[in-house]
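*Asks:* Below is the structure, and that's it, no one-letter string:
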């Protein structure tokens, strides 16, 4: 087997690419704009140029690369390597992304869901190392997820497993971007935190955030955390509420699967314990002691690298190799 | 390998035992009272006598039996073969059930959770045959569950996976027997259907059920179905509501795991489509089309035999044999 893997994390804004060892260490990484306006052909060309660039910058040729793993927004077909339709990538309908990359480099290539790849990255090299059964959540614009059992990614019967953000937590709750009411994503994404916080401020909630917004600062999850760190109790409660909602959504999956590890990542997890503490309390309240007593609930460790590391790691996972 | 397996389904009321072929056909079965008042020793003696009896009745000796699979109420430890604590079995605390049976018969023996065994039975020989990713629900006194992925039972990190009845569907809902509020079990077990129906009748709901109860008949799930079949619209709505609640609970697990098959068993499923139709509608409403379009939601096929068949089948599953 050759010494390196390439991991690609295709997003609506950036393409992240990394050269990675077989044990999951990043040798070199690169982030370039996806340039989605150029359509699928342009984006695929950007991916290929990215791969050429990092291999070249490392003084290597593609002969040193064993395989390429690509994480892409879905829905997609991991067996056929086709992206059915990616909301954040205009014009991407039934694009055979895997084969386009494979043909260009003449190298074994795999396609995976981006959230699942990030989950696998945390399992392989991050906060989920050594877990027998792990759930991963990424809290960003949406809420992504992934499930790893005995070292295998759970892909589901139509490559749709791990949609942990679209589990209903309140049957007649807020409308989610997916069209359903009361999804976890409608309560625990950074986007929904900002939306709900803005609503409360408009209704007269007292917070330093109002002053900061008058001063021209944008309301973001990060700003809410900043207010919390300035002892703003409204901001603290808003973050605690996210923890409560996450706990509600996570508890159901814990009852179903009895994981030993739950990893939470994404920018919002910078807030840390103010979210994790009410989250753990809510999970504890709702599951059996057997489910909670040995459960680790922790912040992710790999940040934005989880996706490229996981996409590369899934090459080994598919071959059934020990990680 | 010898030609037969023995499956045991230990319950709070009955011990069911069956001699089963390696392809999952029942040759002979026996049901005797568990006699839990006699404590663990007495119940274990009853299990052993049951096994002796069916083997003998088939004109065989234990030499023809490859292994014994036991399904028991939990929590339990499938690796150590110990029942930690079984609510329906008085005095069962840390009972090494597997080794007690193994020592008696000098035969390979395994211990599994009873609901998981029933789920595996439906996968092996029932409504879940050929499924790549299956959820099973048993609606009885409680709501049990099980998850089978690629032919493997998901046991979880502490043998607690498959508690699909204890997923919260209404955060501040009815109190469940487990102590949590709003569990699916508090809305979709036969017990909770009867409790909720009785409450509504007491509050003045109009139904033939009131007349029947005045005539001395007991309110049961079966009686409610009988009223529904007599065109009682109150009874129909009560059953439809169970379907709605089930759909709510199932939809979350569908988003998480993307199964191709959901199987529902237990006495209440005799009501059939009046539950399944609103159930499917609710799942469809809450999950992605990718999750729903190829999803089969069907009634279980094995009835009370699922537990013994599944317990025996898990002997083969643990050995990684094709089923």
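*Replies:* Yep, that arrived. Note that the structure is a prediction, hence the values are computed from the model and not measured.
*Asks:* Contacts only, for residue A:323.
*Replies:* A:24, A:124, A:151, A:313, A:316, A:317 (C-beta atoms under 8 Å, 6 or more residues apart in numbering or on different chains). (Glycine included, C-beta is placed from N, CA and C.)
*Asks:* ok, how many other residues are close to the second one?
*Replies:* For residue A:124, the number of neighbouring residues by other C-beta atoms under 10 Å in any protein chain shown comes to 23.
*Asks:* Nearest residue to it in space, ignoring adjacent ones along the chain?
*Replies:* With sequence-adjacent residues excluded and distances taken as C-beta to C-beta, 6 or more residues apart in numbering or on different chains, residue A:124 is closest to residue A:313, at 4.1 Å.
*Asks:* residues touching the one you found, list them.
*Replies:* Residue A:313 neighbours (C-beta under 8 Å, 6+ apart): A:5, A:7, A:24, A:69, A:120, A:121, A:123, A:124, A:125, A:323.
*Asks:* From chain B, how far off is it?
*Replies:* Separation of residue A:313 from chain B (C-beta to the nearest C-beta, to the nearest Å): 20 Å.
*Asks:* Can you tell me which residues in the stretch 101-250 of chain A are near chain B?
*Replies:* By C-beta under 8 Å from any C-beta of the partner chain, the residues of the stretch 101-250 of chain A that approach chain B are A:132-133, A:145, A:147, A:149, A:154-164, A:166-171, A:178, A:180, A:248.
*Asks:* Which members of the residues you listed occur in helices, if any?
*Replies:* With helices taken from DSSP state H, the overlap with these comprises residue A:248.
*Asks:* and the residues of the stretch 101-250 of chain A next to chain B, which of them are in strands?
*Replies:* Among those, DSSP state E puts A:133, A:145, A:147, A:149 in strands.
*Asks:* which one of the residues you listed sits closest to chain B?
*Replies:* Compare each of these with chain B using C-beta to the nearest C-beta and the shortest gap goes to residue A:133, at 4.8 Å.
*Asks:* quick one, phi psi at the residue nearest to that closest one when sequence neighbours are not counted?
*Replies:* Distances taken as C-beta to C-beta, 6+ apart place residue A:259 nearest to residue A:133, at 4.4 Å, with adjacent residues excluded. Main-chain torsions, residue A:259, degrees, to the nearest 10: phi -70, psi 160.
*Asks:* So residue A:259 is in contact with residue B:157, correct?
*Replies:* Yes. Between residue A:259 and residue B:157 there is a contact at 6.1 Å, judged by C-beta atoms under 8 Å.
*Asks:* Which of the two has more residues huddled nearby?
*Replies:* The neighbour comparison of residue A:259 against residue B:157 (other C-beta under 10 Å) goes to residue A:259, with 30 against 20.
*Asks:* dump the residue contacts of the more buried one.
*Replies:* A:131, A:133, A:134, A:135, A:253, A:295, B:156, B:157.
*Asks:* again, but for residue A:104
*Replies:* Taking C-beta under 8 Å, 6+ apart, we find residue A:104 in contact with residue A:48.
*Asks:* ok, now with 10 Å
*Replies:* Residues near residue A:104 by C-beta atoms under 10 Å, 6 or more residues apart in numbering or on different chains: A:44, A:45, A:47, A:48, A:51, A:52, A:62, A:68.
*Asks:* Narrow those to those in helices?
*Replies:* A:44, A:45, A:47, A:48, A:51, A:52.
*Asks:* For the second one, which non-adjacent residue is spatially closest?
*Replies:* In other words, residue A:45. Residue A:45's closest residue in space is residue A:38 (C-beta to C-beta, 6+ apart), at 7.8 Å.
*Asks:* same question, the first one
*Replies:* Leaving out its chain neighbours, the residue that sits closest to residue A:44 by C-beta to C-beta, 6+ apart is residue A:100, at 5.3 Å.
*Asks:* if I read this right, the one you found contacts residue A:68, doesn't it?
*Replies:* No. The criterion here is C-beta atoms under 10 Å, and residue A:100 misses it with residue A:68 at 11.2 Å.
*Asks:* all strands of the stretch 1-150 of chain A, in order?
*Replies:* A:4-10, A:14-21, A:26-33, A:65-72, A:76-77, A:82-85, A:93-95, A:108-113, A:133-139, A:143-149 (DSSP state E, counting those that start in this stretch).
*Asks:* and the angle for the last one with strand A:108-113?
*Replies:* So that's strand A:143-149. Inter-element angle recorded for strand A:143-149 and strand A:108-113: 120 degrees (by axes from the mean of the first three to the mean of the last three C-alpha atoms, to 10 degrees).
*Asks:* Identify the residues contacting residue A:223.
*Replies:* Here residue A:223 is in contact with A:194, A:197, A:208, A:209, A:212, A:213, A:217, A:235 (C-beta under 10 Å, 6+ apart).
*Asks:* ugh, typo on my part, it should be residue A:78
*Replies:* So residue A:78 contacts A:72, A:98, A:110-113, A:116, A:153, A:155-156, A:158-159, A:314, A:318 (C-beta under 10 Å, 6+ apart).
*Asks:* As CSV, those residues with pLDDT would be great.
*Replies:* Formatted as CSV, those follow (pLDDT from 0 to 100):
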residue, pLDDT
A:72, 97
A:98, 98
A:110, 98
A:111, 98
A:112, 98
A:113, 97
A:116, 98
A:153, 98
A:155, 98
A:156, 98
A:158, 97
A:159, 97
A:314, 98
A:318, 97
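*Asks:* What residue in the stretch 101-250 of chain A comes nearest to chain B?
*Replies:* Nearest residue of the stretch 101-250 of chain A to chain B, counting by C-beta to the nearest C-beta: residue A:156, 2.6 Å away.
*Asks:* Hmm, residue B:253 and that residue touching each other?
*Replies:* No. Using C-beta under 10 Å, residue A:156 is not in contact with residue B:253; the gap is 11.2 Å.
*Asks:* so what's residue A:28 bridging to?
*Replies:* Beta-bridge partners recorded for residue A:28 (DSSP bridges): residue A:19.
*Asks:* Surely it and residue A:16 touch.
*Replies:* No. Contact criterion C-beta under 10 Å: residue A:28 and residue A:16 do not qualify, at 11.8 Å.
*Asks:* quick revisit: return the closest of the contacts of residue A:323 with respect to residue B:307.
*Replies:* Distances from residue B:307 to the contacts of residue A:323, taken as C-beta to C-beta, are shortest for residue A:151 (30.2 Å).
*Asks:* which residues sit in contact with that closest one?
*Replies:* Contacts of residue A:151 (C-beta under 10 Å, 6+ apart): A:120, A:123-124, A:131-132, A:134, A:313, A:316-317, A:320-323.
*Asks:* and what of residue A:203?
*Replies:* By C-beta under 10 Å, 6+ apart, residue A:203 has no neighbours at all.
*Asks:* Next up, phi/psi of it, please.
*Replies:* Given degrees, to the nearest 10, the pair of backbone angles that residue A:203 has is phi -80, psi 0.
*Asks:* pLDDT wise, what is it at?
*Replies:* Residue A:203 is assigned 97 on the pLDDT scale.
*Asks:* Report the rounded mean pLDDT for stretch A:274-293.
*Replies:* On average, the pLDDT along stretch A:274-293 is 97.
*Asks:* Just the element for the closest residue to residue A:20 other than its chain neighbours, please.
*Replies:* Distances taken as C-beta to C-beta, 6+ apart place residue A:312 nearest to residue A:20, at 4.4 Å, with adjacent residues excluded. For residue A:312, the element it lies in under DSSP states H and E is helix A:306-318.
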